[in-house]
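Undergrad: How does the following fold in three dimensions:
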Amino acid sequence: MKKLNWFNKLAFFLNIVLVTLTLMGYLLPSMAPKLFPFLSVLTLILPTLLILNLVFVVYWALQFKRQALLSIIVFLIGYTFFAKFYKFTSKNEEPFETDFTVLSYNVRLFNLFEWMPDENVAENIKLFIEKQNPDIICFQEFSKSADYKLDDYKFRHIIMHGNKIKTGQAIYSKFRIIDQGEIALPSSDNNVVYADIVKNKDTIRVYSIHLQSVNISPDINEIDERKSKRIFNRLSEAFKVQQLQSELIQEHMKDFKGHKIICGDMNNTAFSYVYKNIVGNMNDAFVEAGKGFGQTYNYKYYPARIDYILVDNIFEVKEFKTFNDFKNSDHFPIMARLNFNRDKKKDN
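TA: Numbers count the residues shown, from 1 in each chain. Next up, the predicted model:
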């Protein structure tokens, strides 16, 4: 420190603060939000903290200062976190006849309340589905107002709630559904639906989840200092509700011993307690085969990934796509091409 000028001393102090916050961010996914609700908000900005650490690495390296080691070590410790935020390479293996595709999409009621000026949103989504032709579809914020008739999908599980405006979730499948149900989420308009789908001789339980919304406007210009405090409190409360919801999902999954796929909108990042609790020992299809930021929510200033396809280890993720040029909701569709891992299937 003695060899640093006053500006570098200030920079190093800020670097230490940043490192402290980053290390806290690493620990928070293992800590229940109900115990540390305010600190849990820090998980939302963990990718930004990692990027700032890289900025400090460059700053110190250009001066040949050993202070660069501090952020280098912290970044290396949390490299797996960065991989959930950005993927440099994708995976696209040769397709096989036994491959199948799963698509997840929060359709925001097919623009029922005309949030978007386009009057053809429902038809646009239908044409998109027909073009991508997935084998299984999980819709969140589904509405029957669109009068959806996807003839290729003979098997459906749709659950709607509400009085005047009914909304809910839907699972469409080309494969036979032999059982279905719902996980009711207490004190929430959100819910979880599931369907047991038979592909060949294998039964796959597909969950479509939609967890508690944080209700933040995607327009940052609408946020002033007074609103930001309310948003901070709202986030804290939402994370506590999401914790309970994630625990209910985990408890329900324990009762099913077969193969599982989880699709849907968690309304939280891959650095959160909620994500870690739900994913367990499953694989994140984006981390396995995606590329780039994998942004699934149309937030102007931040590439938020809050929608996921999670699969059991027995599934090989052969390809993953994020359709962030398809803007017919406040979310973007995601799709994974899967197959059974032959070696792991033999072990079973």
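Undergrad: List the neighbours of the helix or strand harbouring A195 that are in contact with it.
TA: Under the criterion DSSP states H and E, the helix or strand holding A195 is strand 191-199. Where contact means CB atoms under 8 Å, 6 or more residues apart in numbering, the residues beyond strand 191-199 that reach it are 100, 136, 155, 157, 159, 161, 168-171, 173, 175-185, 203-210, 245, 248-249, 252, 258, 264. Just so you know, the C-beta spots here come from the backbone N, C-alpha and C atoms, and that holds for glycine as well.
Undergrad: Is there a quick PyMOL command that grabs whichever of the residues you listed are buried?
TA: Filtering those down to the buried ones (16 or more other CB atoms under 10 Å) takes a single PyMOL command:
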select buried, resi 100+136+155+157+159+168+169+170+171+173+175+177+180+183+185+203+204+205+206+207+208+209+210+245+249+264
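Undergrad: So which of the contacts of strand 191-199 sit within strands?
TA: Within the contacts of strand 191-199, membership in strands is found for 100, 136, 155, 157, 159, 161, 168-171, 173, 176-184, 203-210, 264, as judged by DSSP state E.
Undergrad: Could you export stretch 53-63 as PDB, CA atoms only?
TA: Below are the C-alpha coordinates for stretch 53-63, written out as PDB (Å, rounded to 0.1, in the frame of the first residue of the first chain):
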ATOM      1  CA  ASN A  53     -13.600  -7.700 -10.700                       C
ATOM      2  CA  LEU A  54     -12.300  -8.200 -14.200                       C
ATOM      3  CA  VAL A  55     -12.100  -4.500 -14.700                       C
ATOM      4  CA  PHE A  56      -9.900  -4.200 -11.600                       C
ATOM      5  CA  VAL A  57      -7.700  -7.100 -12.900                       C
ATOM      6  CA  VAL A  58      -7.100  -5.100 -16.100                       C
ATOM      7  CA  TYR A  59      -6.600  -1.900 -14.200                       C
ATOM      8  CA  TRP A  60      -3.900  -3.400 -11.900                       C
ATOM      9  CA  ALA A  61      -2.300  -5.500 -14.600                       C
ATOM     10  CA  LEU A  62      -1.700  -2.500 -16.900                       C
ATOM     11  CA  GLN A  63       0.300  -1.000 -14.000                       C
END
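Undergrad: Check which residues of that stretch are buried.
TA: Under the neighbour-count rule (16+ other CB under 10 Å), stretch 53-63 has 53, 56-57, 59-60 buried.
Undergrad: L39 contacts M24, doesn't it?
TA: Yes - between L39 and M24 there is a contact under CB atoms under 8 Å: 6.8 Å.
Undergrad: quick revisit: of the buried residues of stretch 53-63, closest to V241?
TA: N53 (31.3 Å; CB to CB).
Undergrad: The closest one: which element?
TA: Taking DSSP H and E as the criterion, N53 maps to helix 46-62.
Undergrad: cool, F128 as well?
TA: With DSSP H and E as the criterion, the answer for F128 is helix 121-132.
Undergrad: hmm, who's touching that helix?
TA: The set of residues that contact helix 121-132 without belonging to it, under CB under 8 Å, 6+ apart, is 101, 103, 105, 107, 110-111, 118, 137, 145-146, 148, 150, 152, 323, 326, 328-329, 333, 335.
Undergrad: Swap in 7 Å and give it another go.
TA: If you take CB atoms under 7 Å, 6 or more residues apart in numbering as the criterion, helix 121-132 is touched by 103, 107, 110-111, 137, 146, 148, 150, 326, 328, 335.
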